[in-house]
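>>> I would like the atomic coordinates for the input below:
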Amino acid sequence: MSKRNSQSAKTAARERLRIEREREAKRAKTKRQIVVACSIVGVLAIAGGIGYAVVQANKPDDWEAAKSAKLVEPANTSGKDGTTVVIGKDSAKKTLAVYEDPRCPACAQFEQTLGSTIHKDVEDGKYKLQFVGATFIDGNVPGEGSKNALSALGAALNVSSDAFLDYKTALYSAKYHPDETDDKFKDDDYLIKVADTVDALKGNKTFQKAVKDGTYDKWALLMAEKFDADGKKYDFRGTPTLLMDGKKVTGSDGQSAPGTLADYTKAIDAALKG
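Okay, here's the model as predicted:
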């Protein structure tokens, strides 16, 4: 090989090496840019996630929001904020007030034992029935089921008084009433499932929408406030509690609501004469 050809080959080799190094440098630069860009996106995503989490943490839950929501009173109510729920014939001279918490196991037992008797007495015009709902178990156990079931009862009351009574019976039934520590009533779908056993509520889209939208959530909270206020006024805290003319209707122990038909009949007859 001539000296001239040898020199040309070396020059060409150096040029190829230079071009390859430039390409490698460009690839490395591009890679660094991609890594930096991904890191920035990752940081922004983390920051955004943290920001979202902070916003969500500071956002009031549904029940906190319900406190400042517009009040929707169910039909078939009266009084301040629609919290007076009285069912029965106008000719009935006396009114039996029943205070119950939807999650209360004693209330469930009371309804299973005496609910049908009370409903018949109301139908016969023996007395009117006033319902006052409580939600204190949600704070004690805790949970949301008492409030949610009370709101659903408001939706049933908006359909009719009979739908309300039948739905209350179903919620307290042995088949559907959960253990006190099992917060099943917080689940709208479960409340609707129970409602589907009531003719007036089965497949009732208006009722179902009200339950899912929490239409009567604020009403439920105000009803619970009425329970608290009445408890202070008439000196009671638990459920079930029965009052007639502001006086407790109790069983043989003189403290608790009647637990048997015999005790109930005796106590009611005495209260009606008083």
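>>> Could you verify that Leu243 is part of a helix?
No - per DSSP: H, G, I helix; E, B strand; the rest coil, Leu243 lies outside any helix segment and is strand.
>>> Can you tell me who it pairs with across the strands?
Beta-bridge partners recorded for Leu243 (DSSP bridges): Ala97, Lys248.
>>> So what's the residue count around it?
20 (other C-beta atoms under 10 Å). Backbone N, C-alpha and C define where each C-beta goes, glycine included.
>>> Please apply the same query to Lys120.
With other C-beta under 10 Å as criterion, Lys120 counts 10.
>>> go on, Val122?
Neighbours of Val122 using other C-beta under 10 Å come to 20.
>>> Which elements pack onto the host helix or strand of it?
Taking DSSP states H and E as the criterion, Val122 maps to helix 105-123. Helix 105-123 is packed against strand 95-100, strand 128-133, helix 161-171, helix 261-273, with contacts defined by 3 or more C-beta pairs under 8 Å, 6 or more residues apart in numbering; DSSP states H and E.
>>> Please give me every residue in contact with Ala106.
The contact partners of Ala106, by C-beta atoms under 8 Å, 6 or more residues apart in numbering, come to Gly238, Thr239, Pro240, Ala257.
>>> What separation do you get for it and Leu114?
Taking C-beta to C-beta, to the nearest Å as the measure, Ala106 falls 12 Å from Leu114.
>>> and what of Ile192?
Ile192 sits at a distance of 27 Å from Leu114 (criterion: C-beta to C-beta).
>>> Looking at the two, which is more packed in?
Neighbours were counted for Ile192 and for Leu114 using other C-beta under 10 Å; Leu114 has more, 23 against 19.
>>> Go ahead and confirm the more buried one touches Ala262.
No - with contacts counted by C-beta atoms under 8 Å, Leu114 stays clear of Ala262, the gap being 10.8 Å.
>>> residue boundaries of the helices in this protein?
Secondary structure of the chain (DSSP state H): helices located at 3-58, 62-67, 105-123, 136-140, 145-159, 161-171, 188-195, 205-213, 217-234, 261-273.
>>> what's around Cys104, how many residues?
Neighbour tally, Cys104, other C-beta under 10 Å: 22.
>>> remind me which residues of the protein are low pLDDT?
1-60 (pLDDT under 70).
>>> if you set the cut-off to 90 instead, what comes out?
Low-confidence segments of the chain, defined by pLDDT under 90: 1-61, 237, 274.
>>> list the contacts for the closest residue to Lys93 other than its chain neighbours?
Spatially, and ignoring its direct neighbours in sequence, Lys93 is nearest to Tyr127 (7.8 Å; C-beta to C-beta, 6 or more residues apart in numbering). Residues near Tyr127 by C-beta under 8 Å, 6+ apart: Gly88, Ala92, Lys93, Lys94, Thr95, Leu96, Asp121, Met244, Ile268, Leu272.
>>> which one among these gets closest to Val159?
Using C-beta to C-beta, Gly88 is the member of the contacts of Tyr127 that lies nearest Val159, at 17.8 Å.
>>> for the closest residue to the closest one other than its chain neighbours, which residues make a bridge with it?
What sits nearest to Gly88 in space, not counting adjacent residues and going by C-beta to C-beta, 6+ apart, is Lys128, at 3.3 Å. Under DSSP bridges, the beta-bridge partners of Lys128 are Thr95.
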